[in-house]
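*Asks:* Dropping the sequence and predicted coords here.
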Amino acid sequence: MSTPRARASRVFTISFPEELAKQAVLVAAEESRNLSELFREAFRTYQMERVQRRLLAMRRITEERTYRQRPEDEAVSAGDKTRDE
């Protein structure tokens, strides 16, 4: 007796409003892909954008901390440079 193999993928059931579902089917047909391929790519894109948002937020926090930690004389001299130029 053989042991069942684990699936390489998982099946999800999702629901869409009818108009959005029609648009998804149309886009998939226009791009010659099935809905699974379309949604996999959409999720990968979402993940990348999510990572980018997190990195941008961390960059802003770092810049704010760096600005707050600068000695006062550096902040003043940097401001003087922009006014003189």
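*Replies:* Good, I have the coordinates. Numbers count the residues shown, from 1 in each chain.
*Asks:* contacts and neighbour counts: CA atoms only from here.
*Replies:* Fine.
*Asks:* Secondary structure class of the residue nearest the centre of the chain, three-state.
*Replies:* The chain has E49 as the residue nearest its centroid, 1.4 Å off, counting by CA atoms, centre = their mean. At E49 the chain is in helix, as set by DSSP: H, G, I helix; E, B strand; the rest coil.
*Asks:* which residues in the protein form helices?
*Replies:* Along the chain, the stretches classed as helices by DSSP state H are 18-30, 35-69, 72-84.
*Asks:* Among these, which comes closest to P4?
*Replies:* Among the helices of the chain, helix 35-69 comes nearest to P4, with 24.1 Å by CA to CA.
*Asks:* how about JSON lines for the helices of the chain, with distance to P4 added?
*Replies:* Listed next are those as JSON lines, based on distance: least, CA to CA, whole Å:
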{"stretch": "helix 18-30", "distance to P4": "33"}
{"stretch": "helix 35-69", "distance to P4": "24"}
{"stretch": "helix 72-84", "distance to P4": "67"}
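*Asks:* Nearest approach to R7 belongs to which of those helices?
*Replies:* Distance to R7, taken as CA to CA, is lowest for helix 35-69 among the helices of the chain, at 15.7 Å.
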